[in-house]
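Engineer: got a predicted structure plus its sequence, pasted below:
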Amino acid sequence: MVKVGKRFVGDRPVSVEAPVHLAVYRARGDVCGVVHSHAPVATAFGIAGIEILPVVIETFPVVPKAVPIVLFEMLGSRKFADAVQTKIKACDAVVLENHGILTVGGSIETACSLNVMVEETAKLQYMATLLAGNKAISMEALKKTCQA
């Protein structure tokens, strides 16, 4: 029997981020893939404390709410794993304050596609905000548009 989170082959140590991935699998029985990236624009949103909104119609069905931010905790700590576990129960994507994004899915491919979608959505939100200011996008307007 393989001990989850323990190195069983090779000579490299288990990643300091293993507890977070394991916490996700414990929280979500439907998850078969977890992707963590340091996507630059989404990471910048996390540093700024701004949630990523589903700004385009294609994003809304997959991310119907703002992508929540998991407040910073030391990597590898139990607090960090617990914070991610709490947020990921209600959504498939989170922004890790000062540390990137984490997405989940029924497969690694689904989680990876969502990771890319969150980064691309962050880019669009950033550009729209540069062009039109903070009033460019509102969650209320998005909900009305997508419910029509």
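Structural biologist: Received, thanks.
Engineer: low-confidence ranges, this structure, go.
Structural biologist: Applying pLDDT under 70 to the chain flags the ranges 1-8, 138-139, 141-148.
Engineer: who's in contact with Ala66?
Structural biologist: Taking CB atoms under 8 Å, 6 or more residues apart in numbering as the criterion, Ala66 is in contact with 51-54, 139. Heads up, the C-betas are built off the backbone N, CA and C, glycines and all.
Engineer: change it to 6 Å
Structural biologist: By CB atoms under 6 Å, 6 or more residues apart in numbering, the contact set of Ala66 is 51, 53.
Engineer: also the one 3 residues further on?
Structural biologist: Neighbouring residues of Ile69 by CB under 6 Å, 6+ apart: 46, 95, 97.
Engineer: now swap in Glu73 and tell me
Structural biologist: 79-80, 83.
Engineer: re the thing from before, so which of the contacts of Ile69 wins on neighbours?
Structural biologist: When the contacts of Ile69 are compared by neighbour count (other CB atoms under 10 Å), Val95 ends up highest, at 28 neighbours.
Engineer: which of the contacts of Glu73 count as buried?
Structural biologist: Neighbour-count burial (16 or more other CB atoms under 10 Å) applied to these gives 80, 83.
Engineer: which one of the contacts of Glu73 sits closest to Pro61?
Structural biologist: Ranked by distance to Pro61 (CB to CB), these are led by Ala83 at 26.7 Å.
Engineer: how close does the closest one get to Ser77?
Structural biologist: Going from Ala83 to Ser77 by CB to CB, to the nearest Å gives 9 Å.
Engineer: picking that back up, return the subset of the contacts of Glu73 lying in helices.
Structural biologist: Using DSSP state H, 79-80, 83 are the members of the contacts of Glu73 that sit in helices.
Engineer: as TSV, those with distance to Asn134 would be great.
Structural biologist: Output for the ones in helices among the contacts of Glu73, formatted as TSV (distance: CB to CB, whole Å):
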residue	distance to Asn134
Lys79	32
Phe80	30
Ala83	27
